[in-house]
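Chemist: Give me coordinates for this.
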Amino acid sequence: MCVENTPPPSSRLTRRGILAGAAALAGTAAALSATPSAAAERTEERPEERTGRRGVGGDLVIEGGTLLDPATGEVTEDAVVVIVGGVVRAAGARGRTRVPEGTEVLDAHGTWVLPGLVEAHIHLNTAAEARDAVRKGATTARSGSTNFYQDIAVRELARQVPELAPRLRAAGIFVTPDLGDTVLADPDLTPLAGLKEGVRSPEALRRVVEVNLARGADVIKTRVNERAGLPEQDPLAQVYDREQLSAVVAAARRGGKGVLCHSYSEKGCHDAVMAGIRSLEHGVFVGERTLREMRRRGTYFTPTLTAIAGLAESDDPVLAERGRTYLPVLKRAVRAAHELGVPLAAGTDSSGGTVDPIGGEVELMRAAGLPALDAIRTATTGAARLLGLQGTAGRLARGFAGDAVLLDGDPLADVSVLKKPVRVVRAGVPV
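Modeler: Residues are numbered from 1 along each chain as shown. Predicted coordinates:
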């Protein structure tokens, strides 16, 4: 069967029905129906996401905490953050920051105040998982793909009721050789079901990317190696070569999107980087040659240390051994990347109904050898740049989103406090 002559995917006629099904699977429709005000706030894209200057959200003053700006490292005691319509209007020392009368005040005395954290690799399949991610401090995130476009439904939930979900960059479905039941997600994928070799030809690879773009994906997720989390697979086995990865990248670029790539072996990592991916995911055995190329190209490294550490706790002996073996190797790769100047982003790779706190990934970055401030930047300013949201997320400064985490200790002295925020604010609304 050939997909070369298949009509282009529909961006109008089928998108509404497909995404309605995704919303039903994700439970976002039920979440919206339980929030009467949501209907009046629906919009194609939040103005705050486009410019960081306007938005729909709450009005709030966060008063009395110690404010940390990850961009500069500046610490301001007895700070005031003024949020209007979900966007920061002022942030700084009390004496230099005017507080609007009649605005709700959140007392932050005794806490440190940081911008909401940015989770660069997470699989959000349900509204419940999305809300859990926010409660654990991730107010902005990038999806690592879902089987039936649930992440696109979660993104729409976040736009309509920000406090229920992180601001999300959705990846749609995985560009992988075997789509499995994902072909049932979309009638425009069904021509791929009969391909004997799976999604491998340039035409088939382009088709999956184009369908994702037609459904509204913000980024494209693909792979170069098999999975580490399945004992029957060999994570060092390569499933796509550089030419195939280049086809994925080219199709994504035609739609103005970047590509994140699941990877493990050094050869796989190098092929992916040379193919032009935007970020390398996992990348346990990435070598110095590839890291230097990543620095030259500005390719991001999202090591997902949390996921690799989690393997070591598995009941399966194969997975447990992988975790014990891979984690120290990956920590060395993270340290080498930082020393070489490769941009790093924090991501937990949470999936399957369990949401790990993004603060735990920051703690692992610190354990890998990053200074505390640089580790914090991987989940704030650094990750925000990767997501193209450097003017919206990652700081509490004028024009940025009114997302914040309140911590019960100094994260520069002990980054572990990021794992359990005492309070989270999303778009000016305390969660």
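
Chemist: can you count the residues close to Asp410?
Modeler: Using other Cβ atoms under 10 Å, Asp410 is surrounded by 14 other residues. C-beta coordinates here come from the backbone N, C-alpha and C atoms, glycine included.

Chemist: residues contacting it?
Modeler: Listed by Cβ atoms under 8 Å, 6 or more residues apart in numbering, the contact set of Asp410 reads Thr66, Trp112, Val417.

Chemist: Among the residues you listed, name the buried ones.
Modeler: Among the contacts of Asp410, the ones that count as buried by 16 or more other Cβ atoms under 10 Å are Thr66, Trp112, Val417.

Chemist: Kindly state the pLDDT recorded for the second one?
Modeler: I take that to be Trp112. Note on Trp112: pLDDT of 98.

Chemist: I'd guessed it sits against Pro70; true?
Modeler: No: contact criterion Cβ atoms under 8 Å: Trp112 and Pro70 do not qualify, at 11.8 Å.

Chemist: Need the overlap of contacts for the two.
Modeler: What both Trp112 and Pro70 touch, as defined by Cβ under 8 Å, 6+ apart, is an empty set.

Chemist: in the stretch 151-300 of the chain, what spans have low per-residue confidence?
Modeler: Across the stretch 151-300 of the chain, nothing is flagged by pLDDT under 70.

Chemist: What are the boundaries of the helices in it?
Modeler: 202-214, 242-254, 266-275, 288-297 (DSSP state H, counting those that start in this stretch).

Chemist: what angle sits between the second one and helix 266-275?
Modeler: Right, the one you point to is helix 242-254. In terms of direction (axes from the mean of the first three to the mean of the last three Cα atoms, to 10 degrees), helix 242-254 departs from helix 266-275 by 40 degrees.

Chemist: ok, and for helix 242-254, which residues are buried?
Modeler: Quick answer for helix 242-254 (16+ other Cβ under 10 Å): Arg242, Gln244, Leu245, Ser246, Ala247, Val248, Val249, Ala250, Ala251, Ala252.

Chemist: With the third one instead?
Modeler: If you call a residue buried by 16+ other Cβ under 10 Å, then helix 266-275 has these buried ones: Glu266, Lys267, Gly268, Cys269, His270, Asp271, Ala272, Val273, Ala275.

Chemist: could I get these as JSON lines with distance to Arg98?
Modeler: Listed next are these as JSON lines, based on distance: Cβ to Cβ, whole Å:
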{"residue": "Glu266", "distance to Arg98": "55"}
{"residue": "Lys267", "distance to Arg98": "58"}
{"residue": "Gly268", "distance to Arg98": "54"}
{"residue": "Cys269", "distance to Arg98": "50"}
{"residue": "His270", "distance to Arg98": "53"}
{"residue": "Asp271", "distance to Arg98": "54"}
{"residue": "Ala272", "distance to Arg98": "49"}
{"residue": "Val273", "distance to Arg98": "48"}
{"residue": "Ala275", "distance to Arg98": "51"}
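
Chemist: Using CSV, write down the CA coordinates of stretch 126-140.
Modeler: Extracted as CSV, the C-alpha positions of stretch 126-140 are listed here (Å, rounded to 0.1, in the frame of the first residue of the first chain):
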residue,chain,number,x,y,z
THR,A,126,-6.1,13.3,31.3
ALA,A,127,-7.5,16.4,33.0
ALA,A,128,-6.6,14.8,36.4
GLU,A,129,-3.0,14.4,35.4
ALA,A,130,-2.9,18.0,34.1
ARG,A,131,-4.2,19.4,37.4
ASP,A,132,-1.8,17.2,39.4
ALA,A,133,1.1,18.7,37.4
VAL,A,134,0.0,22.2,38.2
ARG,A,135,-0.4,21.4,41.9
LYS,A,136,3.2,20.1,41.9
GLY,A,137,4.5,23.3,40.4
ALA,A,138,4.5,22.8,36.6
THR,A,139,2.5,25.8,35.3
THR,A,140,3.9,25.4,31.7
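
Chemist: if you average pLDDT over that stretch, what comes out?
Modeler: The model assigns stretch 126-140 a mean pLDDT of 97.

Chemist: Between the helices of the stretch 151-300 of the chain, which one is closest to Val424.
Modeler: Proximity to Val424 (Cβ to Cβ) singles out helix 202-214 among those, at 30.4 Å.

Chemist: who does that closest one touch, helix- and strand-wise?
Modeler: strand 220-223, helix 242-254 (3 or more Cβ pairs under 8 Å, 6 or more residues apart in numbering; DSSP states H and E).

Chemist: got the contact list for the first one?
Modeler: The reference is to strand 220-223. With contact meaning Cβ under 8 Å, 6+ apart, strand 220-223 is reached by 143-145, 171-172, 174-176, 209, 212-213, 239-240, 245, 248, 251-252, 257-263, 277.

Chemist: Now go through the residues you listed and say which are in strands.
Modeler: Counting by DSSP state E, the members of the contacts of strand 220-223 that fall within strands are Ser143, Val259, Leu260, Cys261, His262, Ser263.

Chemist: Who are the contact partners of the residue nearest the centre of the chain?
Modeler: By Cα atoms, centre = their mean, the chain has its centre lying nearest to Arg142, at 2.2 Å. By Cβ under 8 Å, 6+ apart, Arg142 lies in contact with 119-122, 168-169, 171, 219, 260, 347, 383, 386-387.

Chemist: so how far is Ala158 from the nearest residue to it once chain neighbours are set aside?
Modeler: Among residues not flanking Arg142 along the chain, Arg169 sits closest, at 4.3 Å (Cβ to Cβ, 6 or more residues apart in numbering). Going from Arg169 to Ala158 by Cβ to Cβ, to the nearest Å gives 10 Å.

Chemist: and the two? which has more neighbours close in?
Modeler: Neighbour count, other Cβ under 10 Å: between Arg169 and Ala158, Ala158 has more, with 27 against 24.

Chemist: Isn't the more buried one up against Ala130?
Modeler: Yes: look at Ala158 against Ala130 with Cβ under 8 Å: they come within range, at 7.2 Å.

Chemist: hey, what's in contact with both of those two?
Modeler: Leu164, Ala165, Pro166, Leu168.

Chemist: quick one, what contacts the last one?
Modeler: For Leu168, the contact set (Cβ under 8 Å, 6+ apart) comprises Leu124, Ala130, Thr140, Ala141, Arg142, Ser143, Asp151, Val154, Arg155, Ala158, Asp218.

Chemist: who's it bridged to?
Modeler: Ala141 (DSSP bridges).

Chemist: how far away is it from Ala120?
Modeler: 11 Å.

Chemist: Overlap of the contact sets of the two?
Modeler: With Cβ under 8 Å, 6+ apart, Leu168 and Ala120 have common neighbours Ala141, Arg142.

Chemist: quick one: secondary structure of Gly382?
Modeler: At Gly382 the chain is in helix, as set by DSSP: H, G, I helix; E, B strand; the rest coil.

Chemist: Would you confirm that it contacts Gly341?
Modeler: No: applying Cβ under 8 Å as the test, Gly382 and Gly341 come out as separate, 11.9 Å apart.
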